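Participant: What follows is a predicted structure for the sequence shown.
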Amino acid sequence: MITVTAPAKINLTLEVLGKRSDGFHEIRSVIQTIDLCDRLSFQTGDKLEFKSNSPGWVAEKSLVAKTASMLQETTGCSRGAVITVEKRIPLMGGLGGDSSDAAATLQGLNKLWELDLPKNKLLELAYKSGSDVAFFLDGGTALVEGRGEIITSLPPLPQMWVVLAIPNVHIFPEKTKRLYERLTVSHYTHGQITRQMAAKLREGGELPVNLLLNTFEKVAFTAFPGLSDYRELILKAGASRVHLAGSGPTLFTLHKDKTQAEKVYRRLNEQKIECYLAETFTPG
């Protein structure tokens with residue numbers, strides 16, 4: 001059996017530059033993996049079969065099934081596999097769990113089926129699978145551009161503690177697409193904040209928290225009724241800044257001090273808010 005971990009991510013910056021001619025949006029983002037991980041195991045089988053410990057995870061709606069089938073078709077491989085997805089990353093939370101699982105699927109099946117596909121071929125397949133999948137082949141800290149397919153590795157972020165809060169709000173179908181539709185030209189930027197963030201990280205030193213930015217925050221707090229209430233609760237729990245994870249609705253706060261992060265986490269937990277304490281990390 002082969003086991004691959006699939007980490008969640010947070011966007012330190014996420015700027016939308018405009019709409020492309022292909023219908024997608026041009027983005028510029030600095031993405032960071034955290035140690036909240038799913039775990040995927042791969043065993044030989046007569047056909048593709050999917051299992052999960054999460055009752056809300058549906059194989060047919062996941063990138064895992066799509067990616068496994070695409071890999072079969074692309075390589076002409078006739079072998080099957082039993083893929084078990086052990087979920088820890090909340091579903092539809094803006095933390096990239098499905099994309100990370102898809103990247104793990106490429107890596108796991110490449111080994112299980114002894115395909116020996118080189119990195120450039122895995123990247124090509126990752127681009128076809130989904131916008132964020134290619135980033136998760138390496139993870140860590142990276143500048144992501146285009147529709148998510150242009151990835152430039154950055155120096156590892158100094159260790160930070162992350163408190164994630166999962167708001168109990170309604171998550172509507174095609175969440176990310178509908179948030180993009182809410183954006184207007186006035187929300188678009190030139191990506192200069194992300195460029196500054198990348199430059200600061202290349203210089204080394206502490207994370208410039210004043211540059212943390214997510215364009216979706218301009219529309220998410222009206223798109224998800226009740227989300228603003230959770231932001232206030234996190235601030236009252238001791239966080240100095242609260243940020244939206246990807247397209248949400250997960251909210252997160254960053255801390256250099258573990259004790260402070262634990263205090264915020266404990267206070268949220270006492271209020272029966274689903275929350276996680278994690279830290280930034282680079283796989284490998």
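Facilitator: Nice, thanks for sending it over.
Participant: give me the low-pLDDT residue ranges for the stretch 1-150 of the chain?
Facilitator: Low-confidence regions of the stretch 1-150 of the chain, defined by pLDDT under 70, are absent; no residue qualifies.
Participant: residue boundaries of the helices in it?
Facilitator: For the stretch 1-150 of the chain, the helices defined by DSSP state H, counting those that start in this stretch occupy 63-75, 97-112, 119-129, 133-136.
Participant: got the contact list for the last one?
Facilitator: When contacts are taken as CB atoms under 8 Å, 6 or more residues apart in numbering, the neighbours of helix 133-136 outside the stretch itself are 6-7, 9, 31, 33, 63, 67, 96, 99-100, 102-104, 106, 123, 126-127, 142, 144, 148-149, 151. Where C-beta positions appear, they are placed from N, C-alpha and C, glycine not excepted.
Participant: In what element of secondary structure is the nearest residue to Val162 once chain neighbours are set aside found?
Facilitator: Nearest residue to Val162 in three dimensions, chain neighbours excluded: Ala278, at 4.6 Å (CB to CB, 6 or more residues apart in numbering). Counting by DSSP states H and E, the element that carries Ala278 is strand 274-279.
Participant: Any idea how far stretch 4-23 is from the middle of the chain?
Facilitator: 8 Å (CA atoms, centre = their mean, to the nearest Å).
Participant: ignore the last one, stretch 199-215
Facilitator: Put simply, stretch 199-215 sits 18 Å off its chain's centre (CA atoms, centre = their mean).
Participant: One more: stretch 183-194?
Facilitator: Distance, centroid of stretch 183-194 to centroid of chain: 21 Å (CA atoms, centre = their mean).
Participant: tell me which residues of that stretch are tucked away?
Facilitator: Buried residues in stretch 183-194, counting neighbours by 16 or more other CB atoms under 10 Å, are found at 183, 187-188, 191, 193-194.
Participant: hmm, who's touching that stretch?
Facilitator: Taking CB under 8 Å, 6+ apart as the rule, stretch 183-194 contacts 13-18, 25, 28-30, 143, 145, 211, 213, 215, 218-219.
Participant: Which of these are buried, as a PyMOL select command?
Facilitator: To isolate the buried subset of those in PyMOL, counting by 16+ other CB under 10 Å, use the following:
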select buried, resi 13+14+15+16+17+25+28+29+30+143+145+211+213+215+218+219
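Participant: Which of the contacts of stretch 183-194 fall in strands?
Facilitator: 13-18, 25, 28-30, 143, 145, 213 (DSSP state E).
Participant: any chance of those residues in a markdown table, plus distance to Phe42?
Facilitator: As requested, the ones in strands among the contacts of stretch 183-194 are exported to a markdown table (distance: CB to CB, whole Å):
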| residue | distance to Phe42 |
| --- | --- |
| Thr13 | 34 |
| Leu14 | 32 |
| Glu15 | 36 |
| Val16 | 36 |
| Leu17 | 38 |
| Gly18 | 40 |
| His25 | 33 |
| Arg28 | 34 |
| Ser29 | 30 |
| Val30 | 31 |
| Leu143 | 31 |
| Glu145 | 31 |
| Leu213 | 38 |
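Participant: can you give me the end-to-end distance of stretch 123-135?
Facilitator: End-to-end span of stretch 123-135 (CA to CA, to the nearest Å): 9 Å.
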